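Enquirer: Fold the following, please.
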Amino acid sequence: MDEYKNLIVEAFGESSEDSDDDDRRQQLQGRREAQLVFGENPKWERISEIKGLSLCRDFLTPDQQSTLLASILREGWFNDASHNQAMRFGDLPTWAKELSTCVLELIRYSDYDPESVDTNTCQMDEQACVFPSELLHRVPLFNQLIVNSYQPGEGICAHVDLMRFEDGIALVSLESSCVMHFSRVENGVATNGKQNEATIKIPVYLTPGSLLLISGEARYQWKHEINRKPGFQKWDGLEIDQKRRTSITLRKLCNSD
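Expert: From the prediction side, this is the model:
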């Protein structure tokens, strides 16, 4: 973990005794923003029923979540109550780029000993690698951003993300907890929003500050949805106390440098 922290210092800079006041303030601000890293001792959870689906519940601490939410609010995207979604393509906001960097480095360093693996190629046991190795080389890792602000009761219909996006999706959850359900694509075709009632759904509990990685089979052969209507949001037999929920989705456009 110390090696990871050193990478963050390299990525975001460190204040210098020789810097002038303006440079020092900028560097200190950069270090504060760099604290959008992740919580203490993050661990990955495998969703055994779905290949290519990995969850890290402790990606961001409560303080880091607050900092990230403040950055989103400063964008002004949701000043109008009728607006609940914002999309950006290409050059993403600074905080989103930093979040992408943190996702990448977390994948590489959080769940295994970096001394025992080639971090450039991610050559390791398949069960140890939470993201396809070829995706770790693409630059940028993500260049498309969606931020959604959901009020209680608002969710998303069952769908597979558009094929205009490459494999490998990262989703960060903030504020309210929720259950995301996954169901297999019927006959190899995604029938968004239309499901057989007998379809088996795999629930995944997303807590505030969690990171969900979707790739491979999970990305192409499973639909995901969040039904936040009463009766659908339960975990361990208890109804979730729903509040506003903010989600951040990071993706990469196909055939885009």
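Enquirer: Tell me where the model's unsure across the stretch 51-200 of the chain.
Expert: 110-128, 187-198 (pLDDT under 70).
Enquirer: Could you tell me how far the closest residue to Pro62 other than its chain neighbours is located from Leu60?
Expert: Leaving aside its sequence neighbours, Pro62 sits nearest to Gly209 (CB to CB, 6 or more residues apart in numbering; 7.0 Å). (Each C-beta comes from the backbone N, C-alpha and C, glycine too.) From Gly209 across to Leu60, the span is 4 Å (CB to CB, to the nearest Å).
Enquirer: what about those two, which has more around it?
Expert: Here Gly209 and Leu60 are set side by side on neighbour count (other CB atoms under 10 Å), and the busier one is Leu60, at 27 against 23.
Enquirer: doesn't Leu69 make contact with the more buried one?
Expert: No - counting by CB atoms under 8 Å, Leu60 stays clear of Leu69, with 10.1 Å between them.
Enquirer: For the stretch 101-250 of the chain, which segments count as strands?
Expert: 144-150, 156-159, 169-175, 178-184, 201-206, 211-214, 222-226, 234-235, 238-239, 245-251 (DSSP state E, counting those that start in this stretch).
Enquirer: Output those as TSV; include the columns mean neighbour count and distance to Ile107.
Expert: Shown next, in TSV, are the strands of the stretch 101-250 of the chain (neighbours: other CB atoms under 10 Å; distance: least, CB to CB, whole Å):
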stretch	mean neighbour count	distance to Ile107
strand 144-150	20	18
strand 156-159	16	25
strand 169-175	22	9
strand 178-184	20	20
strand 201-206	18	18
strand 211-214	25	8
strand 222-226	22	20
strand 234-235	14	26
strand 238-239	10	32
strand 245-251	21	12
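Enquirer: Would you format those strands as JSON lines with distance to Phe78 included?
Expert: Converted to JSON lines, these look like this (distance: least, CB to CB, whole Å):
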{"stretch": "strand 144-150", "distance to Phe78": "5"}
{"stretch": "strand 156-159", "distance to Phe78": "17"}
{"stretch": "strand 169-175", "distance to Phe78": "12"}
{"stretch": "strand 178-184", "distance to Phe78": "18"}
{"stretch": "strand 201-206", "distance to Phe78": "20"}
{"stretch": "strand 211-214", "distance to Phe78": "22"}
{"stretch": "strand 222-226", "distance to Phe78": "18"}
{"stretch": "strand 234-235", "distance to Phe78": "27"}
{"stretch": "strand 238-239", "distance to Phe78": "26"}
{"stretch": "strand 245-251", "distance to Phe78": "9"}
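Enquirer: what touches both of Leu60 and Leu69?
Expert: Leu174 (CB atoms under 8 Å, 6 or more residues apart in numbering).
Enquirer: wait, what's in contact with Pro208?
Expert: 62, 65, 173-177.
Enquirer: And it, its phi and psi?
Expert: phi -60, psi 130 (degrees, to the nearest 10).
Enquirer: quick one: it from Gly76, how far?
Expert: With CB to CB as the criterion, Pro208 and Gly76 are 23 Å apart.
Enquirer: Straight-line length of stretch 164-180, end to end?
Expert: 23 Å (CA to CA, to the nearest Å).
Enquirer: Identify the residue nearest the geometric centre of the chain.
Expert: Leu171 (2.7 Å; CA atoms, centre = their mean).
Enquirer: follow-up on the earlier one: put together JSON lines for the contacts of Pro208, with distance to Glu217 on each row.
Expert: Formatted as JSON lines, these follow (distance: CB to CB, whole Å):
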{"residue": "Pro62", "distance to Glu217": "33"}
{"residue": "Gln65", "distance to Glu217": "30"}
{"residue": "Ser173", "distance to Glu217": "22"}
{"residue": "Leu174", "distance to Glu217": "27"}
{"residue": "Glu175", "distance to Glu217": "29"}
{"residue": "Ser176", "distance to Glu217": "28"}
{"residue": "Ser177", "distance to Glu217": "25"}
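Enquirer: Right, I'll call it a day here.
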